[in-house]
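Trainee: here is a sequence with its predicted model. Questions after.
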Amino acid sequence: MRKSHYYYFLFLAALGIGMFLININISSASAHVKYTVVPKSLRGTYHHYSKKNHKWSQVRFTKYTYKIGNLPKLSGKKLVAGGLYPQLSILKYNSYYVTELGESDAYQAFYKGISITKNGKKIHALKELVSYPGIKHDYTIIWYPSKIKSTQSPVVYV
């Protein structure tokens, strides 16, 4: 092979490899971040009365947001960590949905939608599984769609 053909071949090989590497970077950079959508079974405003504190608490789910009490609202459309993750992440774990802060291990709570009978009426409510390190047993909290003080235990349909 002549010397000029050899350099021409090396130039084309380098150009081909360079174009291949550019195509790899362009395709991986076009990734799209998906918004977090709250499942329909959780959406709504729910209340819980604490007999210990004699206070009402509220949790609110919309299509893209989650807010509990006085804590800041988490949004599935707002991006964090340099625009890599939505601020609100909802994952399914067993029969519960876990609300998390931006793909971190900082979970907020475990919820699932349930139907209950209260005063002879069937209503949609939320069941929250409360589990902390250091406590011996998990317990649940029922969140009602209106301010109902629990005088008796409702019948829960899971």
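Mentor: Yep, that arrived. What you see is a predicted model, and the numbers here were worked out from it, not measured in a lab. Numbers count the residues shown, from 1 in each chain.
Trainee: quick check: neighbours of the longest strand along the chain in the sheet, parallel or antiparallel?
Mentor: Across the chain, the longest stretch assigned as strand under DSSP state E is strand 107-118. With DSSP bridges as the test, strand 107-118 is paired with strand 96-101 (antiparallel), strand 121-130 (antiparallel), strand 155-157 (antiparallel).
Trainee: so which bits of the first one are buried?
Mentor: By neighbour count, and taking 16 or more other Cβ atoms under 10 Å as the criterion, the buried residues in strand 96-101 are Tyr97, Val98, Thr99, Glu100, Leu101. Placement of C-beta: from N, CA and C, glycine included.
Trainee: quick one: low-confidence parts of the chain?
Mentor: Counting by pLDDT under 70, the chain contains low-confidence ranges at 1-16, 18-33, 103, 107, 149-158.
Trainee: which stretches of it form strands?
Mentor: Using DSSP E, strands in the chain cover 44-50, 55-61, 65-68, 74-75, 79-80, 85-86, 88-93, 96-101, 107-118, 121-130, 139-143, 155-157.
Trainee: select, out of these, the one closest to Val38.
Mentor: strand 55-61 (4.9 Å; Cβ to Cβ).
Trainee: for that closest one, name the packing helices and strands.
Mentor: Contact here means 3 or more Cβ pairs under 8 Å, 6 or more residues apart in numbering; DSSP states H and E; on that basis strand 55-61 packs against strand 44-50, strand 65-68.
Trainee: report the buried residues of that strand.
Mentor: Val59, Phe61.
Trainee: direction included, what does that strand pair against?
Mentor: Here, using DSSP bridges, strand 55-61 pairs with strand 44-50 (antiparallel), strand 65-68 (antiparallel).
Trainee: can you pull the buried residues of the shortest one?
Mentor: Of the residues in strand 65-68, those with enough neighbours to count as buried (16+ other Cβ under 10 Å) are Thr65, Tyr66, Lys67, Ile68.
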